[in-house]
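**Q** From the sequence below, what's the structure:
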Amino acid sequence: MNRASKNILFTRITQLSVTLCFIVLIFLFGVIFWNGVPAISFEFITTKASNFGSEGGVLYQLLGSVLIVFVAACLSLPISIGAAIYKSEYLKSSRGQNFSDILIFGLNGIPSVVFGIFGLILFVNIFGFGISWFVGSVILAIMMLPTIILSTFQSINNIPTIYRESALALGLDKWQTITKVLLPQGFSGAVTGLLIGLARAIGETAPIMFIATAFSGVELPTGLREPVSTLPTHILALAQQATDPVALQNAWGSSFILIILVMLFSISALFIRVRKNKFSLS
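**A** Residues are numbered from 1 along each chain as shown. Here you go, the predicted model:
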């Protein structure tokens, strides 16, 4: 087989792979859309669940999901930016870079259920926090760190060296160069990584199921050491009542709302990335 034939074969295989992925995505979204839209209404979104979720709406589940990921974002973003700056501007040895990559990619590869077990043992059993939505936010923040760090690092590291040299030539010290030049130029990468991390975190069930959430009877928390109800755990509870048609329809409706939230975060990240690339090319 000559090179031209190999190129054609490789192109066809990649096209087939993309087509299959697209078909699976459209099928899954189509099923959720078809079954979930009939359950969506203003009342469904603005009323609280009752009868273990089989009746009522998803008001507190929606607010709980937003609360827990919002706090996780506030916790993870400054730490990730600091780690990315240190990795880009202060960690110069190749051995240090390789070690940091091992730590970041290793943390990113840990299964989500392991984070949940870690939180259960450390915060609930050892520290005695009990079931706490804030502990869930801490665990989700740890899960989001690798995504935000890598995105921020790539964004800062791709800034042309001339920016740093010009800043130093104008008399700016290291810290001023970072705060006045690198952070404004690389912040879009941090936001992109944050949105991608949020898209993953808001759909997670295993890390927070036993440490932060309750399946029913919970409204908005009034303190840090109280449980919260989220859309993923609500869907899990409803799925266990699949013989009840009302509960099943509510599960589809909750799934559709969750998919919409994930898509909003993902599309926002894509929009920011495309806009940044256009700005870089102009």
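**Q** distance of the closest residue to residue 256 other than its chain neighbours from residue 131?
**A** Sequence neighbours aside, residue 36 is the residue nearest to residue 256 in space, at 2.8 Å (criterion: C-beta to C-beta, 6 or more residues apart in numbering). For glycine as for every other residue, the C-beta is placed from the backbone atoms N, C-alpha and C. Computed as C-beta to C-beta, to the nearest Å, the residue 36 to residue 131 distance reads 29 Å.
**Q** can you confirm residue 35 is in a strand?
**A** No. Assigned with DSSP: H, G, I helix; E, B strand; the rest coil, residue 35 falls outside any strand and is helix.
**Q** give the contact list for it.
**A** Neighbouring residues of residue 35 by C-beta atoms under 8 Å, 6 or more residues apart in numbering: 249, 252, 256.
**Q** which ones among these are found in helices?
**A** 249, 252, 256 (DSSP state H).
**Q** what's the closest of those residues to residue 106?
**A** Nearest to residue 106, judged by C-beta to C-beta, of the ones in helices among the contacts of residue 35 is residue 256 at 34.9 Å.
**Q** picking up where we left off before, report how many residues lie close to the residue nearest to residue 256.
**A** 22 (other C-beta atoms under 10 Å).
**Q** next one: residue 24
**A** Residue 24, neighbours per other C-beta under 10 Å, totals 10.
**Q** Go through the host helix or strand of it and flag the buried ones.
**A** Per DSSP states H and E, residue 24 falls inside helix 3-36. Using 16 or more other C-beta atoms under 10 Å as the burial criterion, the residues of helix 3-36 that qualify are 32, 35-36.
**Q** Kindly report the same for stretch 136-154.
**A** Result for stretch 136-154 [16+ other C-beta under 10 Å]: buried residues 136-153.
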